[in-house]
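[1] I'd like to go over a predicted model; first the sequence, then the structure.
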Amino acid sequence: MTQTLQQISEKLTAQLQAGQFSAAAKLAKRAVKKFPREAHFATIAGTALASADQGREAFQYFLKAVKLEPNHEEYQNNLVHAYIVVGRHDKAEALANQLLARRKDPSKLCHLLAFSAELTAQPDKVIAAATRGLDTAREYRANLLVMRGDAYAIQENHDLAEADYQTLLNEVPNHPIATEKLTQLYLDTFRSDLARQTLAAPLKANPDDTHLLIAQADVYLALGQVDEAKITLTRSHQLAPDTIAPLTKLAGIATPDERPSLILDAEKMLTMHAKGTDSWCRLCMALGNLYFAEKDHKAAGKYLAKAKAGLAYLFVHHPENEARAFEDTLQVTPAGPAVLTSALAGRPRPLFVVGQPRSGTTLTEMILSAHPDVTSCGELSAVPRAYRKIQDQGGAFDPALFAETFYKSLPAHAANASAIVDKMPANYRYIGAMLHGIPGAKIIHIERDPREVALSMWRQHFKSEWMRFTNDLRHIALQANLYRRYMNHWASEFEGQFLTIHYQDLVSDVEKYSKDMAAFCDLDWVPEMMAPQKNRAQVRTASVTQVRQGVHKKSVGGWRVMEEQLQPFIRNLDKSLWPELDL
């Protein structure tokens, strides 16, 4: 029986609403052949194919729809979005900018431009696109305010980020996403009291809102209240079983009794998301870590590999940029040794913990900040900012400018501290500049078996642009090799001017090495430094739960259970740089 155009349209609509994307794609493709001049069917075919994780084929149908009806705004928007999905961000930007001049309300196109810039880690472009859209935005105003606020937060323009989130809250009181974002911002800037205050009224008005419950759980986790966080996340998961965030967060703190049901929920939820999307990757990460905890390492490896492959496609890393940065850093930094001086009067004494990410820097920070005279500052961008200032200025290295920029970049809560600890791991790149440019700088370098580090990084989803290398085991190896080249150079140039501690030694004898740290940092050792798990300092890194478990040796040598899966990493380690390993 021949179906009419109207009948096919109704059937396609029903299939899309029921989530039957493959069936809808097949029917729509047949409809395009039967009605080749109907742009509507081409659009439905593209939508169904995109939802069925066939983005490249979907693109052709979106393009066809625009060719048939070139002035149709929805079809134009679909094509811009399709360019983004297939990774052709330059084409998306060019087309969107071409179309913007014709739009009375450009907010949707600006939203797409900001989305593309988010994926390509260009916060300046996010801000520009969102600002342009906000001039006339109606439907997308809330989204654009959040996106611009997020971009400002990435740039650490915290006042501007706060202003955007607050603007949305003024316009839509208790807006859950704006409340969640503002809470996260306060946590990131060590204002946990404000984070709690921000959540109080919205939670009272909307106690079952998932965004608000997740924000509350993040506050609990940052302050080490893991049991309270678990209760909150469990409630959120029960209220919204199809929402990803509660499940992915629970995966990291679940007990053995809780893991089987979470695995079933995650595997069910996985079928509801298109392969390769950010949400699908996050679910695969959760499953990988749940199976890892269950000691099913084969299943863990399968899901982690899927997640990381998807993330590597979504968030492209360019290792060649890191290699160039290494050469530039060595050129900018004066030769060692440095002339060491005392800390500046009226300034907090700066203590730094550096090393590869996931090497034990958070544990070391918690040991140091257990001392009553030391204030925890988490991972600051103050040193990279000071280095960029020197780089932008050109000419000879200016230690006074480096120190001035560093101190101006410190968070407000550090101003009156006696001593502060900055545990940004990647500061290992700037050890020479720190010793030359920051009076009184004390640097502790944590070294750990790179295979343990690689496994730990592979099991995490990092949002930072610099951490994109963790989505590819080969790139993790290249970064590890580069890290060793940095450290070999600094050890040669600045021998004895920073302290190196091996992670395995630290967790084997925390008393001895905490005393070594205290002596190196000119601190009087206190017994509290032996029990970092009791430190109530806020933690906002991937180690947020591990560091509350106390010092242990469980992860030493733990990479061996995933040795097969780690082969792309191990094969790409440079044997000449890692002579102590049996490669």
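    Done, it's in.

[2] what count of nearby residues applies to Gly46?
    When counting by other Cβ atoms under 10 Å, one arrives at 29 neighbours for Gly46. Yep, even glycine has a C-beta here, placed from its N, CA and C like the rest.

[3] ok, Asp296 next?
    The criterion is other Cβ under 10 Å. On that basis, Asp296 has 14 neighbouring residues.

[4] now do the strands in the chain.
    Counting by DSSP state E, the segments of the chain that form strands are 349-355, 374-376, 419-422, 442-447, 499-502.

[5] out of these, which one sits most buried?
    strand 349-355 (a mean of 27; mean count of other Cβ atoms under 10 Å).

[6] let's have the strands of the chain in TSV, adding mean pLDDT and distance to Lys125.
    Converted to TSV, the strands of the chain look like this (pLDDT from 0 to 100; distance: least, Cβ to Cβ, whole Å):
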stretch	mean pLDDT	distance to Lys125
strand 349-355	96	31
strand 374-376	90	34
strand 419-422	94	29
strand 442-447	97	35
strand 499-502	97	40
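
[7] helices of the stretch 1-150 of the chain, residue ranges please.
    Taking DSSP state H, counting those that start in this stretch as the criterion, the stretch 1-150 of the chain contains helices spanning 5-17, 21-34, 39-51, 55-68, 73-85, 89-100, 107-119, 123-134, 141-154.

[8] point out the one among the strands of the chain that comes closest to Asn97.
    Shortest separation from Asn97 across the strands of the chain is recorded for strand 419-422, at 40.2 Å, computed as Cβ to Cβ.

[9] neighbouring contacts of that closest one?
    Counting by Cβ atoms under 8 Å, 6 or more residues apart in numbering, strand 419-422 makes contact with 348-353, 365, 368-369, 371, 373-380, 382-383, 410, 414, 521, 523, all of which sit outside it.

[10] again, 6 Å this time
    When contacts are taken as Cβ atoms under 6 Å, 6 or more residues apart in numbering, the neighbours of strand 419-422 outside the stretch itself are 348-349, 351-352, 365, 368-369, 373-377, 380, 414.

[11] ok, of the residues you listed, which one's closest to Gly440?
    Within the set of the contacts of strand 419-422, Arg349 lies nearest Gly440; the separation is 5.4 Å, counting by Cβ to Cβ.

[12] picking that back up, show me which pair in the contacts of strand 419-422 is furthest apart.
    Greatest spatial distance in the contacts of strand 419-422: Asp373 and Leu380, 18.6 Å, computed using Cβ to Cβ.

[13] of those two, who's got more company?
    Leu380 (22 against 15).

[14] tell me, what residue is most central in the chain?
    Taking Cα atoms, centre = their mean, the centroid of the chain lies closest to Lys463, which sits 1.3 Å from it.

[15] so where's this structure shaky on pLDDT?
    For the chain, residues meeting the criterion pLDDT under 70 lie at 1-3, 52-53, 137, 535-554.

[16] that older thread, would you turn the helices of the stretch 1-150 of the chain into JSON lines with distance to Arg484?
    Conversion of these to JSON lines gives the following (distance: least, Cβ to Cβ, whole Å):
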{"stretch": "helix 5-17", "distance to Arg484": "52"}
{"stretch": "helix 21-34", "distance to Arg484": "47"}
{"stretch": "helix 39-51", "distance to Arg484": "43"}
{"stretch": "helix 55-68", "distance to Arg484": "39"}
{"stretch": "helix 73-85", "distance to Arg484": "37"}
{"stretch": "helix 89-100", "distance to Arg484": "34"}
{"stretch": "helix 107-119", "distance to Arg484": "31"}
{"stretch": "helix 123-134", "distance to Arg484": "31"}
{"stretch": "helix 141-154", "distance to Arg484": "29"}
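
[17] winner for burial among these?
    Per-residue neighbour counts averaged over each of the helices of the stretch 1-150 of the chain give the maximum for helix 39-51, namely a mean of 25 (mean count of other Cβ under 10 Å).

[18] and for that helix, what's in contact with it?
    Under the contact criterion Cβ under 6 Å, 6+ apart, helix 39-51 has outside partners 12, 21, 24-25, 28-29, 31-32, 35, 57-58, 61-62, 64-65, 68-69, 274.

[19] excluding its backbone neighbours, what's nearest Thr329?
    Using Cβ to Cβ, 6 or more residues apart in numbering and skipping residues adjacent in sequence, the residue nearest Thr329 is Arg429, 5.8 Å away.

[20] of all the contacts of strand 419-422, which comes closest to Val507?
    Closest to Val507 out of the contacts of strand 419-422 is Glu365 (14.7 Å), distances taken as Cβ to Cβ.

[21] what distance do you get for the closest one to Phe21?
    From Glu365 over to Phe21 the distance is 47 Å, taken as Cβ to Cβ, to the nearest Å.
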